[in-house]
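> kindly generate the corresponding structure for this input.
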Amino acid sequence: MSHRPRPEGRHPEASYRFVDDVTRAIAKAKEPAEERTVAVAAGDMGGPAFALGLVDEVATDEVPVALGTGTRHFGATDAHHVPEDPHVVVRGDRVPHLLYRVRR
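The predicted structure is shown next:
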C-alpha cells in the first residue's frame, strides 16, 4: 500500500497498484500469493491491519538496546488482539527471533 507514485527507475512491467485502504491492500496481496504467506510491516500498514483482525501471526526480532521511549509496533489501537506465548523461538546472535499467533 502506498500513497506515493511509482518510483522512478522501477521496471515498467513490475506491478504497482494503488489501494485506498488496508483491507483491500491485503486482499490484493493475497491474489498473487495464493496459498503463500502475506507479510505486513508494522507501522502505518501493520497497525490498522492488526486492529482490524487481519493479522494471524506476529514475527519480531527483539534487540536489547535502550533507545529512549520507544515506539509501539502497531501504533495506538483499541483492538483486543493479544498475541499468545511465542510458538517459535529462534536464538540468534544477541537477538531472539519470536513468532506469536494472535489470539482473538
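> wait, residue 40 sits on residue 56?
No: counting by Cβ atoms under 8 Å, residue 40 sits too far from residue 56 to count as a contact (10.4 Å). Where C-beta positions appear, they are placed from N, C-alpha and C, glycine not excepted.
> show me which of these two is the more surrounded one.
A direct count of neighbours by other Cβ atoms under 10 Å for residue 40 and residue 56 places residue 40 higher, at 19 against 12.
> distance of the more buried one relative to residue 92?
From residue 40 across to residue 92, the span is 22 Å (Cβ to Cβ, to the nearest Å).
> same for the helix or strand encompassing residue 30, what does it pack against?
Using DSSP states H and E, residue 30 sits in helix 22-33. With contacts defined as 3 or more Cβ pairs under 8 Å, 6 or more residues apart in numbering; DSSP states H and E, helix 22-33 has these neighbours: helix 46-51.
> quick one: residues in contact with the longest strand anywhere in the chain.
Criterion DSSP state E: the longest strand present in the chain is strand 96-103. Here strand 96-103 makes contact (Cβ atoms under 8 Å, 6 or more residues apart in numbering) with 50, 55-62, 81-91.
> in PyMOL, select just the buried ones from those residues.
Selection of the buried residues among the contacts of strand 96-103 in PyMOL, burial being defined by 16 or more other Cβ atoms under 10 Å:
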select buried, resi 50+55+58+81+83+86
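> report how many residues lie close to residue 30.
13.
> cool, and the one 3 residues further on?
Here the neighbour count serves as a burial measure; for residue 33 (other Cβ under 10 Å) it reads 12.
> do the same with the one 5 residues further on
Other residues within reach of residue 38, judged by other Cβ under 10 Å, total 16.
> quickly find the element holding residue 17.
Assigned by DSSP H and E, residue 17 falls within no helix or strand.
> does it touch residue 27 like I think?
No: Residue 17 is beyond contact range of residue 27, at 10.9 Å (criterion: Cβ under 8 Å).
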